[in-house]
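Visitor: Sequence plus predicted model, see below.
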Amino acid sequence: MPVESAAETLAMLRQPAHLRAYAFMIMLVMGSFTIAPHFSDFLVHNVGRAKDDLAYVYLCGGLLTFVTLPLVGRCADRFGKRRVFRLMAGCTLVTILVLTNLPAAPLLPLLVITTLYWIFTSGRWVPAMALVTSSALPRYRGSFMSISASLQQMAIGLAAVVAGAVIGEAESGELTGYRAAGLIAAVSTGISMLLAGGLRLAQETAETSLAVDSPDDSPVLAQTVEDFVN
């Protein structure tokens with residue numbers, strides 16, 4: 001039984017559409033968590049905000065995200081998940097570059113930028129998860145989602161390692177290398193936008209296979225059924 005289980009897992013992992021989905025998931029996580037671990041320190045030491053201001057940053061981001069996420073979901077259902085994902089990811093890419101290059105700034109402009117960042121980076125996960133789920137062949141879906149969750153955790157750790165390698169601290173307390181981390185996050189987000197193009201191929205392949213196996217769409221089977229009936 002363990003041999004059969006291992007063979008089934010290996011067969012699931014070898015599916016090209018699944019591999020694309022896993023790569024997509026890793027890039028998606030890298031696009032957020034490369035800058036997330038040092039986000040608060042950057043705002044305090046580089047942008048010059050007091051630690052008490054961080055409460056407003058997270059409060060505004062959380063409240064607006066709570067309002068906008070259902071809207072993103074409805075837009076994804078209406079206009080297409082891939083299209084909405086690319087829109088939200090593109091906006092995320094822009095806000096990452098703006099945010100990680102911020103100079104010292106007053107609280108109000110900072111809240112606008114950070115709130116937009118939270119809205120876009122959270123909003124892209126809604127269509128992204130729908131795309132990832134639809135890329136799994138039905139018979140592998142449980143195993144696929146389990147490995148996907150594991151890869152998310154691994155990617156978070158990888159992003160933290162990358163961030164730790166490029167981000168340092170100056171004698172003044174300011175973070176160094178945060179722009180480089182932002183560039184890595186932006187590139188990862190851009191790659192995820194490219195990978196989104198093929199994420200439904202597994203589902204389409206499954207549907208095509210089912211269509212070919214049906215008597216109505218297969219001339220040979222249709223003729224066999226007709227001969228049997230007659």
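Guide: Thanks, I have the structure now.
Visitor: how does this structure divide up, domain by domain?
Guide: 13-199, 202-230 (automatic domain parsing).
Visitor: highest average neighbour count across the ones you listed?
Guide: Highest mean neighbour count among the domains of the chain (mean count of other C-beta atoms under 10 Å): domain 13-199, with a mean of 18. Heads up, the C-betas are built off the backbone N, CA and C, glycines and all.
Visitor: distance between stretch 107-122 and the chain's centre?
Guide: In terms of C-alpha atoms, centre = their mean, to the nearest Å, the gap separating the centre of stretch 107-122 from the centre of its chain is 19 Å.
Visitor: Dump it to CSV, keeping only the CA atoms.
Guide: Extracted C-alpha coordinates of stretch 107-122, given in CSV (Å, rounded to 0.1, in the frame of the first residue of the first chain):
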residue,chain,number,x,y,z
LEU,A,107,1.3,59.6,7.8
LEU,A,108,-1.6,60.3,5.4
PRO,A,109,0.3,59.6,2.1
LEU,A,110,1.9,56.6,3.8
LEU,A,111,-1.6,55.2,4.7
VAL,A,112,-2.7,55.6,1.1
ILE,A,113,0.2,53.7,-0.3
THR,A,114,0.2,50.9,2.4
THR,A,115,-3.6,50.5,2.2
LEU,A,116,-3.4,50.1,-1.6
TYR,A,117,-0.7,47.6,-1.1
TRP,A,118,-2.8,45.5,1.2
ILE,A,119,-5.8,45.7,-1.1
PHE,A,120,-3.9,44.5,-4.2
THR,A,121,-1.6,41.9,-2.6
SER,A,122,-4.6,40.4,-0.7
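Visitor: How about residues contacting it?
Guide: 31-32, 43, 47, 49, 53, 56-57, 60-62, 64-65, 68-69, 88-89, 91-92, 95-96, 98-99, 102 (C-beta atoms under 8 Å, 6 or more residues apart in numbering).
Visitor: and what of stretch 123-139?
Guide: 12, 15, 17-18, 20-21, 24-25, 28, 65, 68-69, 72-73, 76, 81-82, 84-85, 88-89, 92, 141, 144-145, 148, 192, 196, 199-203, 205-206.
Visitor: try it again with 7 Å
Guide: 15, 17-18, 21, 24-25, 28, 68-69, 72-73, 76, 81-82, 84-85, 88-89, 92, 144-145, 148, 196, 199-200, 202-203, 206 (C-beta atoms under 7 Å, 6 or more residues apart in numbering).
Visitor: now swap in stretch 57-74 and tell me
Guide: By C-beta under 7 Å, 6+ apart, stretch 57-74 touches 43, 84, 88, 111, 114, 115, 118, 119, 122, 123, 126.
Visitor: Now the two most distant members of these.
Guide: Within the contacts of stretch 57-74, 43 and 84 form the most distant pair, 28.8 Å apart (C-beta to C-beta).
Visitor: What is the end-to-end distance of stretch 25-44?
Guide: With C-alpha to C-alpha, to the nearest Å as the measure, stretch 25-44 spans 30 Å from end to end.
Visitor: mind checking how far it is from the chain centre?
Guide: Distance of stretch 25-44 from its chain centroid, counting by C-alpha atoms, centre = their mean, is 13 Å.
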